[in-house]
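Participant: Just to be clear, the model below is a prediction. Sequence and coordinates:
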Amino acid sequence: MTRLRDVLTTRGRAFVAAGLTLLVGGLLLGFSDITRVGALLATLPFLAALATRRSSSSIVEVSRRVQPARLVVDQPANVEVVFENTSGRRSQLQLVEERVDHVLGDRPRFVLPPMEPGDIREADYQIRSHVRGRHRLGPLTLHMRDPFGLATIAATAPGSTDILVLPRIEVLGRRRPRSEGIGSEGTTPHMVALHGEDDVAVRSYHDGDDLRRIHWPATAHRSMLMVRQEDLPAKRRAVIVLDSRADGHQGSGALGSFEWAVSAAASIATHLFGLHYALHLVSNETTAGGEATQIIEIDKAMALLAVAQLGPAERFEEVLRWAHPLTSAGGLVIAIVTDHDEAVLRQIAALRQPGGVGLMFLLDSTSFAGVRTGPPANQTLALASLVEAAGWNTCIVRSGMTVDAAWDAASASTAVMLGAGR
């Protein structure tokens, strides 16, 4: 609870000091009129404070609307704050301050005029985030002051709103990785539904369907005739592996290697989803939630990448354990990794199966730390040669390189290494 003395403004404290001075002086000198004036001046701020505290109980309900609801890094959004007086009495003039995460900008402030019971007022402000992640709007603070300016009090309106800022997404060229191997385009005309797609393998009965194809368990479950649909169009599958080792990434903020990796994963996932790939995202976030084995929708993938965080090397070992069963059937494997550890890189290289397609984005982490401006070090080149020998298309990524350029290099028919110095 707010202490009474904390409610007084500078003017209120001055009134109390002047009143006490007159009160003591009047008593010492024997002037009763001065004593009464002093008592009035000393008492008035406390009466104003009591009145302000009494009227500070929340009588205004607050709600927010954010457009668009999901943002991309550096995308502006409009926040509309709606105030409604749900009480039976008139509200005071109030100064409103919205608490927002510092990455969204300065705290907005505006004046809320007096509101009659049932009145609705609206105010809006702009936000923009340079950092991906989940950020909070609210709660909102209402500052009320008495008419004499002697006392003020801050009341918090309950309720807050979380917004999700997605990673930066680059539009990639129409280049596709070459199609070969199980699960890729053009080689397997039909296949049984992938793991987790059992519901797609049955459909409702149509006149003329062979009665021998009735799927009795599904029929009993849905209370209608269902038939097996054994031949389904092949669906290309891609597995995206994201390296989140804290000791492997360099740099900080938007220019760090990890932010490049997250942006690349988001851009590639969006691109492949547009090409009708079934996507698996294997990262710290999907393995922790058990979602790595499931075909992930693009909105869910973006939400998980928005909150992706660095973790210990042990967590990445878990990521690789989850990735191996997914890549054992072949298809397209995309690895976004740092040049930190040769032993781990050999494990990653083993993810690509014979006949499958592997695209590796090997981050030259030292360049993201701003230490070197020359060509990639011999160690990075040696690691790239190692994974190329295992059949991967490899692109060495240096600070300043765009995801689009890296994608064109890695998805070419032969491995191409491009880089951009700082």
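Facilitator: It's in. Keep in mind that what you see is a predicted model, and the values were worked out from it rather than measured.

Participant: what are the ranges of the helices in the stretch 51-200 of the chain?
Facilitator: For the stretch 51-200 of the chain, helices defined by DSSP state H, counting those that start in this stretch do not occur.

Participant: would you list every one of the strands in it?
Facilitator: Secondary structure of the stretch 51-200 of the chain (DSSP state E, counting those that start in this stretch): strands at 60-67, 70-72, 76-85, 94-100, 109-112, 120-128, 133-145, 152-157, 161-166, 190-191.

Participant: Export those as TSV, with columns for distance to residue 270 and mean neighbour count.
Facilitator: Placement of C-beta: from N, CA and C, glycine included. Shown next, in TSV, are these (distance: least, CB to CB, whole Å; neighbours: other CB atoms under 10 Å):
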stretch	distance to residue 270	mean neighbour count
strand 60-67	21	16
strand 70-72	11	18
strand 76-85	20	17
strand 94-100	28	19
strand 109-112	37	14
strand 120-128	21	15
strand 133-145	18	18
strand 152-157	38	17
strand 161-166	10	19
strand 190-191	25	12
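
Participant: between the ones you listed, which one is nearest to residue 50?
Facilitator: Distance to residue 50, taken as CB to CB, is lowest for strand 152-157 among those, at 10.5 Å.

Participant: Could you pull up phi and psi at the closest residue to residue 88 other than its chain neighbours?
Facilitator: Excluding the flanking residues, the one nearest residue 88 by CB to CB, 6 or more residues apart in numbering is residue 117, at 5.4 Å. The phi/psi pair for residue 117 (degrees, to the nearest 10) reads phi -50, psi 130.

Participant: returning to that earlier point: make CSV out of the strands of the stretch 51-200 of the chain and add mean pLDDT.
Facilitator: Output for those, formatted as CSV (pLDDT from 0 to 100):
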stretch, mean pLDDT
strand 60-67, 90
strand 70-72, 89
strand 76-85, 93
strand 94-100, 90
strand 109-112, 90
strand 120-128, 93
strand 133-145, 89
strand 152-157, 82
strand 161-166, 93
strand 190-191, 36
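
Participant: I'd like those strands written out as TSV, with distance to residue 260 added.
Facilitator: Formatted as TSV, these follow (distance: least, CB to CB, whole Å):
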stretch	distance to residue 260
strand 60-67	28
strand 70-72	16
strand 76-85	23
strand 94-100	27
strand 109-112	37
strand 120-128	21
strand 133-145	16
strand 152-157	40
strand 161-166	15
strand 190-191	35
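
Participant: so where's the protein uncertain?
Facilitator: For the chain, residues meeting the criterion pLDDT under 70 lie at 1-6, 52-58, 174-201, 208, 229-235, 371-377, 413-422.

Participant: care to break it down by domain?
Facilitator: Split into domains by automatic domain parsing, the chain comes to 4-54, 60-166, 193-233, 237-410.

Participant: quick one: which of those is nearest residue 173?
Facilitator: For the domains of the chain, the distance to residue 173 is smallest for domain 237-410, at 5.6 Å, taking CB to CB.

Participant: quick one: which of the strands of the stretch 51-200 of the chain is nearest residue 279?
Facilitator: Proximity to residue 279 (CB to CB) singles out strand 161-166 among the strands of the stretch 51-200 of the chain, at 15.7 Å.

Participant: ok, that closest one: who's next to it in the sheet?
Facilitator: If you go by DSSP bridges, strand 161-166 pairs up with strand 70-72 (parallel), strand 133-145 (antiparallel).

Participant: List the contacts of the residue positioned nearest the centre of the chain.
Facilitator: For the chain, the residue nearest the mean C-alpha position is residue 133 (2.9 Å; CA atoms, centre = their mean). Counting by CB atoms under 8 Å, 6 or more residues apart in numbering, residue 133 makes contact with 103, 164-165, 306-307.

Participant: from those, which single one is nearest residue 397?
Facilitator: Nearest to residue 397 among the contacts of residue 133, counting by CB to CB, is residue 306 at 21.2 Å.

Participant: what's the spacing between that closest one and residue 299?
Facilitator: Here residue 306 is placed at a distance of 11 Å from residue 299 (CB to CB, to the nearest Å).

Participant: So which of those two has more stuff around it?
Facilitator: Counting neighbours by other CB atoms under 10 Å for residue 306 and for residue 299 shows that residue 306 has the greater number, 21 against 11.

Participant: can you pull the contacts of that one?
Facilitator: Contacts of residue 306 by CB under 8 Å, 6+ apart are 132-134, 164-167.

Participant: which two from these end up farthest apart in space?
Facilitator: Greatest spatial distance in those: 134 and 167, 12.6 Å, computed using CB to CB.

Participant: any residues touching the helix or strand where residue 239 lies, and which ones?
Facilitator: If you go by DSSP states H and E, residue 239 is part of strand 237-242. For strand 237-242, the external contacting residues (CB under 8 Å, 6+ apart) are 183-184, 194, 261-262, 265, 268-269, 272, 277-284, 295, 305, 308, 319-320, 323, 326-327, 329, 331-337, 348, 351.

Participant: taking those one by one, which sit in strands?
Facilitator: Mapping those onto strands (DSSP state E) picks out 278-282, 332-337.

Participant: that older thread, what about the residue nearest to residue 88, how many neighbours?
Facilitator: As a burial measure, residue 117 scores 13 neighbours (other CB under 10 Å).
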